[in-house]
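Peer 1: Okay, structure incoming, though there's no sequence with it:
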């Protein structure tokens, strides 16, 4: 696949680029700071802002998919809502239907599955950030594109874990405690998801093996 990674210099985006290359995909790194793109000799690097639909459409004109791995500051309650419409516009202009976006566990109704103390944090201290995530997720769901939204739990810089799992949110009853997952595992899963047609239209929890409980049948 020919994949555009929006946010190619970030903690998740840079690792996603690495694993996409290892999987044999062609990668276009779309970044505001192209000088910070790792593996720049192995990818096509295009300078641009995620809120510039014309530049992003130009970068994605020959792409099969777009992976969105960006996030705003915790104090910015509108960053993703300002950005996602431009990404949707660009994808449609470039005739790219497949889009995978990283959100965060705690956004919208995902908070209902959290432990009580995390639910409180998501809705109060971090409420502005997670409301922005929820609103932008809804924009992508309503876009008509072939989307998948990934909801990773708390993230850390650490070697890949062998205990990472990906579960459709509809199968998840609870996320107990405060599970933490390495950035690397999220990146690996995004590369798998983008090439999996079965994940289209899904919202997927990325967590640890013990960091979820299944719904009872």
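Peer 2: Thanks, I have it. None of these values were measured; they are calculated from a predicted model.
Peer 1: Please enumerate the helices of the protein.
Peer 2: All helices of the chain, identified by DSSP state H, fall at 11-22, 53-59, 79-93, 116-123, 127-141, 183-194.
Peer 1: Next one: residue 41, what pLDDT does it get?
Peer 2: According to the prediction, residue 41 has pLDDT 88.
Peer 1: can you check residue 217 too?
Peer 2: Confidence for residue 217, expressed as pLDDT, is 73.
Peer 1: what do you get for residue 106?
Peer 2: pLDDT, residue 106: 98.
Peer 1: next one: residue 52
Peer 2: In this prediction residue 52 is given a pLDDT of 98.
Peer 1: In contact with residue 65, which residues are there?
Peer 2: Contacts were defined as CB atoms under 8 Å, 6 or more residues apart in numbering; by that measure residue 65 touches 1, 2, 3, 4, 96, 98, 99, 100, 194. Every residue, glycine included, has its C-beta placed from N, CA and C.
Peer 1: One more: residue 88?
Peer 2: Here residue 88 is in contact with 99, 139, 140, 143, 145 (CB under 8 Å, 6+ apart).
Peer 1: and the nearest residue to residue 139 once chain neighbours are set aside, how many residues sit next to it?
Peer 2: Computed as CB to CB, 6 or more residues apart in numbering, the closest residue to residue 139 that is not its neighbour in sequence is residue 84, at 4.9 Å. By other CB atoms under 10 Å, the residues close to residue 84 number 25.
Peer 1: same thing with residue 215?
Peer 2: Quick note: residue 215 (other CB under 10 Å) scores 10 neighbours.
Peer 1: on that earlier part again, list the contacts of the residue nearest to residue 139.
Peer 2: Here residue 84 is in contact with 68, 101, 136, 139, 140 (CB under 8 Å, 6+ apart).
Peer 1: do you know how far it is from residue 202?
Peer 2: 18 Å (CB to CB, to the nearest Å).
Peer 1: need the contact list for the residue most central in space within the chain.
Peer 2: With distances taken as CA atoms, centre = their mean, the residue of the chain nearest its centroid is residue 102 (1.3 Å). When contacts are counted by CB under 8 Å, 6+ apart, residue 102 touches 12, 67, 68, 69, 70, 71, 149, 150, 152, 186, 190.
Peer 1: so what's the third one bridging to?
Peer 2: With DSSP bridges as the criterion, the beta-bridge partners of residue 68 are residue 6, residue 101.
Peer 1: Please tell me I have it right and it contacts residue 7.
Peer 2: Yes - using CB atoms under 8 Å, residue 68 is in contact with residue 7, at 6.7 Å.
Peer 1: More neighbours: these two, which one.
Peer 2: Neighbours were counted for residue 68 and for residue 7 using other CB under 10 Å; residue 68 has more, 29 against 22.
Peer 1: Now do the contacts for the more buried one.
Peer 2: Counted by CB under 8 Å, 6+ apart, residue 68 has contacts 6, 7, 50, 84, 87, 99, 100, 101, 102.
Peer 1: nearest to residue 125, of those?
Peer 2: residue 102 (21.3 Å; CB to CB).
Peer 1: Enumerate every residue touching residue 113.
Peer 2: 169, 172, 173, 174, 175.
Peer 1: sorry, back to before: shared neighbours of residue 68 and residue 7, which are they?
Peer 2: Joint contacts of residue 68 and residue 7 (CB under 8 Å, 6+ apart) are residue 50.
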